[in-house]
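**Student:** Can you look at this prediction? I've put the sequence above it.
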Amino acid sequence: MSNEFNKNEDALKMAWSNVRQKLEVIAEGGGKKSAQKQKERNKLTARERIDFLIDEGKPFIEIGAFAGYEMYEEHGGCPAGGTVSGIGYVSGRQCIIVANDQTVKAGAWFPITGKKNLRMQEMSMENHLPIIYLVDSAGVYLPLQDEIFPDKEHFGRVFRNNAKMSAMGITQIAAVMGACVAGGAYLPIMSDETLMVENAGSIFLAGPYLVKAAIGEDIDAENLGGAVTHTEISGIADYKFKTEQECLDQVKKIMSKLGPSSFANFNRVKSTPPKNDEAAIYGVMSEGNTKPYNMLDIIDSIADKDSFDEFKMDYGKTIVCGYARVDGWAVGIVANQRLLVKSKKGEMQLGGVIYNDSADKAARFIMNCNQKKIPLVFLQDVTGFMVGSRSEHSGIIKDGAKLVNAVANSVVPKITIIVGNSYGAGNYAMCGKAYDPRFIYAWPTAKIAVMGGEQAAKTMLQIQVAGMKAKGEQVAPEQEKELFDRINANYTRQTKAFYAAARLWVDAIIDPKETRSVISEGISAANHNPVIEEFKTGVFQV
């Protein structure tokens with residue numbers, strides 16, 4: 001291997017190591033002291049509950065681990081959004097799991113908690129996957145109640161989804177292992193089956209203190225809404241158990257008896273390993289993504305060997321399109337090409353930029369995949385659409401709109417991997433979060449923004465300096481540089497994968513060599529929804 005490859009490999013492995021170190025801190029939740037308190041109450045932590053529940057040796061893809069990262073610091077932080085969630089297998093059935101983390105503010109809901117839990121329900125609904133709730137939450141985090149309680153995408157939407165999912169025939173199981181208070185009490189009762197742990201789980205609209213304040217009644221939590229109360233008196237819960245382990249074993253039993261799923265029957269054959277070793281994916285991209293590279297080298301580390309059939313190879317070369325197999329699944333790949341390439345007219349085209357011809361080609365390919373019911377995989381490293389008079393006169397907006405139209409109306413499952421840049425309208429055209437990918441993941445090298453950092457910082461600097469001069473202020477070169485550095489640093493921070501993952505613009509930051517497996521698991525999940533709508537497109541300029 002070349003020195004260049006080794007340098008690239010070292011840089012990307014170092015970037016992933018940085019992610020992994022942050023994940024280790026996040027995994028501690030509210031900290032070791034809080035975890036110890038759980039142990040003293042004979043309770044498992046959220047992660048221990050999931051580890052006990054899921055099938056050994058089967059993949060578990062954690063979703064939203066970075067939710068809330070470096071947010072809410074004035075409130076003590078909210079690691080992983082106060083929940084641990086993901087896609088895994090229980091008794092051989094692929095499912096969604098959502099576990100409140102009681103070590104984080106007693107499992108209270110921050111605004112990002114609501115967004116994360118709604119995202120997990122969305123995954124369950126889109127893919128018709130059973131969902132298991134491991135409940136241990138104090139309810140809404142009151143200091144931020146105005147940001148989590150009343151709006152359409154807030155706390156109450158969870159229970160609306162409970163009802164909708166039940167009507168869709170999606171299995172919902174709630175294991176109540178701690179507090180389940182106020183509006184949160186509706187979640188387990190709107191699930192198909194409710195399990196409770198004695199002397200730990202409790203369900204009530206108002207806790208003992210509020211009951212005392214409201215009506216003057218003295219009662220403890222267990223008699224008010226504990227497992228015995230709800231299995232023997234109110235009939236709200238279906239099972240009670242002495243320990244969490246017994247409770248989780250019953251969840252496994254319930255899952256083992258679910259009837260067979262209906263499938264979309266996406267095409268799959270026996271898997272073959274990729275042309276390149278999966279670890280070779282580390283050596284493709286340069287540190288900082290400053291040099292051109294061949295996106296086909298990444299595809300060769302993801303797709304089954306010799307399965308990639310490129311579509312319109314000699315046309316629209318800044319987007320690579322083609323049919324392939326990933327772990328045996330048939331997919332359509334749409335990927336930004338980062339090489340400097342020649343157009344059909346012999347003109348040099350910048351890699352990572354979407355030109356008229358590449359937009360046109362990608363739109364047609366996406367329509368083909370919808371016609372053939374083939375899931376789509378988008379590999380993003382895009383700096384946006386080509387600008388300038390030549391592109392405008394050639395109708396770049398028209399061709400870009402054609403591509404956006406095809407992506408927006410696509411009915412087959414879409415899985416997006418952001419490997420590098422994701423700038424401007426390129427983010428939209430390549431199926432960013434706003435375009436409803438079933439799953440969207442980022443490499444540690446991902447950058448999401450309206451435009452590149454330095455370009456944006458210069459633009460904002462010009463506006464700020466012009467405003468200062470308009471007020472009669474003198475701006476010295478040193479002051480201008482200081483302003484630029486500050487603007488650039490803040491903007492650059494906002495483009496990073498951590499910032500995006502904290503706000504759930506992406507579902508997770510993944511190890512690049514796991515790209516193939518997360519795509520495969522994503523299609524496996526999507527395959528559980530047998531309903532594929534008819535593909536239609538709206539009006540667009542030809």
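**Tutor:** Noted; the coordinates are in hand. Numbers count the residues shown, from 1 in each chain.

**Student:** what about Lys402, neighbour count?
**Tutor:** 24 (other Cβ atoms under 10 Å). Every C-beta, even on glycine, is put in place using the N, C-alpha and C of the backbone.

**Student:** For it, give me the pLDDT.
**Tutor:** On pLDDT, Lys402 comes in at 93.

**Student:** what helix or strand does it sit in?
**Tutor:** Taking DSSP states H and E as the definition, Lys402 sits inside helix 396-409.

**Student:** Excluding its own residues, what touches that helix? List them.
**Tutor:** 354-357, 359-360, 362-363, 366-367, 385-387, 414, 425, 428-431, 435, 535-538, 540-541 (Cβ atoms under 8 Å, 6 or more residues apart in numbering).

**Student:** From those residues, keep the buried residues only.
**Tutor:** Neighbour counting with 16 or more other Cβ atoms under 10 Å marks 354-357, 359-360, 362-363, 366-367, 385-386, 414, 425, 428-431, 435, 535 as buried within these.

**Student:** Sitting in strands, which of the residues you listed do you find?
**Tutor:** Ile354, Phe385, Lys414 (DSSP state E).

**Student:** Could you pull up the residues touching the residue lying closest to Gln38 once chain neighbours are set aside?
**Tutor:** Residue nearest to Gln38 in three dimensions, not counting chain neighbours: Thr45, with 5.5 Å by Cβ to Cβ, 6 or more residues apart in numbering. With contacts defined as Cβ under 8 Å, 6+ apart, the neighbours of Thr45 are Gly29, Ala35, Gln38, Asp101, Gln102, Thr103.

**Student:** where along the stretch 101-250 of the chain do the strands fall?
**Tutor:** Counting by DSSP state E, counting those that start in this stretch, the stretch 101-250 of the chain has strands at residues 131-137, 172-181, 193-197, 202-204, 239-241.

**Student:** Give me the neighbour count for Ala525.
**Tutor:** As a burial measure, Ala525 scores 24 neighbours (other Cβ under 10 Å).

**Student:** can you pull the alpha-carbon coordinates of the helix or strand where it lies into PDB?
**Tutor:** Using DSSP H and E, Ala525 sits within helix 515-526. Output of helix 515-526 as PDB, limited to C-alpha atoms (Å, rounded to 0.1, in the frame of the first residue of the first chain):
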ATOM      1  CA  THR A 515     -21.200   0.900   6.300                       C
ATOM      2  CA  ARG A 516     -22.000  -2.300   4.500                       C
ATOM      3  CA  SER A 517     -23.600  -3.900   7.600                       C
ATOM      4  CA  VAL A 518     -25.700  -0.900   8.500                       C
ATOM      5  CA  ILE A 519     -27.000  -0.800   4.900                       C
ATOM      6  CA  SER A 520     -27.900  -4.500   5.000                       C
ATOM      7  CA  GLU A 521     -29.600  -4.200   8.400                       C
ATOM      8  CA  GLY A 522     -31.500  -1.100   7.100                       C
ATOM      9  CA  ILE A 523     -32.900  -3.000   4.100                       C
ATOM     10  CA  SER A 524     -33.700  -6.000   6.300                       C
ATOM     11  CA  ALA A 525     -35.800  -3.600   8.500                       C
ATOM     12  CA  ALA A 526     -37.400  -1.900   5.500                       C
END
